[in-house]
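Peer 1: Please find the sequence and the predicted model below.
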Amino acid sequence: GRGGARESILSSEMSASVTEIKDLGRSRENLILIVKAAESAERYEDMCKVMKILVEWNEGKTPLDGEERNLLSVAYKNVIGARRASY
């Protein structure tokens, strides 16, 4: 990556932060704010992780609304696009 060791450190710190989200007194709105922050930072893998947490936490009780579906789509399209471009 562009940042080398720094990017690796940031990535491991973000991964730890994403797993700690599960311990928060989380609300749907807070998770969406985290996803939006990850999107603005172009951290699409992290967007995917947080959206997965949102979907699993929700357990199908409430369907994703239009904005949430869009965020999920943006996350996965960018991750898949980046992987496709690397081949």
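Peer 2: Thanks, I have the structure now.

Peer 1: least trustworthy helix or strand in the protein by mean pLDDT?
Peer 2: Lowest by mean pLDDT, DSSP states H and E among the helices and strands of the chain is helix 5-20, with a mean of 53.

Peer 1: what about Ser40, neighbour count?
Peer 2: By other Cβ atoms under 10 Å, the residues close to Ser40 number 8. (Each C-beta comes from the backbone N, C-alpha and C, glycine too.)

Peer 1: what does Ala41 give?
Peer 2: Here the count is done by other Cβ under 10 Å, and Ala41 has 12 residues near it.

Peer 1: Please save the CA atoms from stretch 76-87 in CSV.
Peer 2: The C-alpha trace of stretch 76-87 is given here as CSV (Å, rounded to 0.1, in the frame of the first residue of the first chain):
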residue,chain,number,x,y,z
TYR,A,76,-19.1,-4.6,-1.1
LYS,A,77,-18.9,-3.1,-4.6
ASN,A,78,-15.7,-1.2,-3.7
VAL,A,79,-14.1,-4.2,-2.0
ILE,A,80,-14.9,-6.5,-4.9
GLY,A,81,-13.8,-3.9,-7.4
ALA,A,82,-10.5,-3.4,-5.7
ARG,A,83,-9.9,-7.2,-5.7
ARG,A,84,-10.9,-7.5,-9.3
ALA,A,85,-8.5,-4.7,-10.3
SER,A,86,-5.6,-6.4,-8.5
TYR,A,87,-5.7,-9.4,-10.8
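
Peer 1: From here on, call the first residue 404.
Peer 2: Okay, using 404 as the starting number, the last item reads as stretch 479-490.

Peer 1: tell me which residues in that stretch are buried?
Peer 2: For stretch 479-490, the buried set under the neighbour-count rule, 16 or more other Cβ atoms under 10 Å, comprises Asn481.

Peer 1: can you check stretch 434-442 too?
Peer 2: Buried residues in stretch 434-442 (16+ other Cβ under 10 Å): 434-435, 437-438, 441-442.

Peer 1: Return the member of the residues you listed nearest to Asp449.
Peer 2: Taking Cβ to Cβ as the measure, Ala441 is the one of these closest to Asp449, at 4.3 Å.

Peer 1: That closest one contacts Ile435, correct?
Peer 2: No: using Cβ atoms under 8 Å, Ala441 is not in contact with Ile435; the gap is 10.7 Å.
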